[in-house]
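**Student:** test case, fold it:
(one chain, ligands or ions: 1)
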Amino acid sequence: MTDTRGRLNIDAGPGQWNLSGSIDETSGLTELLARAQGGLLVLDLAGVTFINSLGVRDWIRMQSEAGRQHIAIELRRVSEPIIHQLNMIIGTRGNSRVASFFAPYACDACGREESLLIDVAANAVGLANLVAPAMPCPECGAQMAFNDFPERYFSFLVPETPRPG
Ligand SMILES: [Zn+2]
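**Tutor:** Numbers count the residues shown, from 1 in each chain. Next comes the predicted model:
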C-alpha cells in the first residue's frame, strides 16, 4: 500500500522504504525515522525526481533528528537530484551512508545518455580516487563516458575533514 504525503510516495520494500516523486515541505521526512528497524533506516531513492529548498530543509531536519535518536540512515539507488544536494549542502549528508547511486553517462559512439547505477562498495577504490567506473552502453556496448566532473559529482563520498580549532 502506498503512503502518499504531498507529492511523495512511500512504499514498503524488502527491508527498506522506497521513496518516489518530489520531496517538499509536505513530505514529513522526520516521521520516517519511526520506520527504522534496529537503529537503521534504509531508504531507496531511485524514484525521487525533485527536491525543492523546503524539502532540503526537511531532509536536513530528518538527518539531525536521526543523529539525536542514534539512527543510521542507509541510502540506496540515490537519484541524481539528491546527489546534487549531497554535494552542495554538507548538512544533507548527516547520519547517512550511500550504498549506491545514479550517475550521468553518455555514449560517444551512439549518442545515448543514461543515468547508471554505481555500487559504492564494489567501486570503492576508483571512487576514492574520483575515477568514474567504466560502464558499457546498454544500446551499442561501447564504453560510455562519465558525463559530469568526477571531482564535483563524487565529492559527497569524500569524508569531511574536521577543521582545526
Ligand atoms: Zn552507445
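**Student:** contacts and neighbour counts: CA atoms only from here.
**Tutor:** Will do.
**Student:** in stretch 20-33, what counts as buried?
**Tutor:** Under the neighbour-count criterion of 16 or more other CA atoms under 10 Å, stretch 20-33 has 20-25, 27-30, 32-33 buried.
**Student:** so who does residue 43 touch?
**Tutor:** 16-19, 73-76 (CA atoms under 8 Å, 6 or more residues apart in numbering).
**Student:** can you check what pLDDT the model gives it?
**Tutor:** Note on residue 43: pLDDT of 98.
**Student:** that one: which element?
**Tutor:** Here residue 43 is covered by strand 40-51, with elements defined by DSSP states H and E.
**Student:** contacts for the helix or strand following that strand next, please.
**Tutor:** Using DSSP H and E, the helix or strand that follows strand 40-51 towards the C-terminus is helix 53-68. Outside helix 53-68, the residues that touch it by CA under 8 Å, 6+ apart are 23-30, 33, 72-73, 85, 91-96.
**Student:** mean confidence score for stretch 107-122?
**Tutor:** 97.
**Student:** endpoints of that stretch, how far apart?
**Tutor:** 22 Å (CA to CA, to the nearest Å).
**Student:** alpha carbons of stretch 9-23, as PDB, please.
**Tutor:** Taking C-alpha atoms only, stretch 9-23 is exported to PDB below (Å, rounded to 0.1, in the frame of the first residue of the first chain):
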ATOM      1  CA  ASN A   9       5.000   8.300  -2.300                       C
ATOM      2  CA  ILE A  10       6.400   5.800   0.300                       C
ATOM      3  CA  ASP A  11       6.200   2.100  -0.400                       C
ATOM      4  CA  ALA A  12       7.400  -0.700   1.700                       C
ATOM      5  CA  GLY A  13      10.100  -2.800   0.100                       C
ATOM      6  CA  PRO A  14      12.100  -5.800   1.500                       C
ATOM      7  CA  GLY A  15      14.000  -4.300   4.400                       C
ATOM      8  CA  GLN A  16      13.700  -0.800   3.000                       C
ATOM      9  CA  TRP A  17      11.300   2.100   2.200                       C
ATOM     10  CA  ASN A  18      11.000   3.100  -1.500                       C
ATOM     11  CA  LEU A  19      10.500   6.800  -2.000                       C
ATOM     12  CA  SER A  20       9.200   8.300  -5.300                       C
ATOM     13  CA  GLY A  21       8.000  11.600  -6.500                       C
ATOM     14  CA  SER A  22       9.000  15.000  -5.200                       C
ATOM     15  CA  ILE A  23      10.300  16.000  -1.700                       C
END
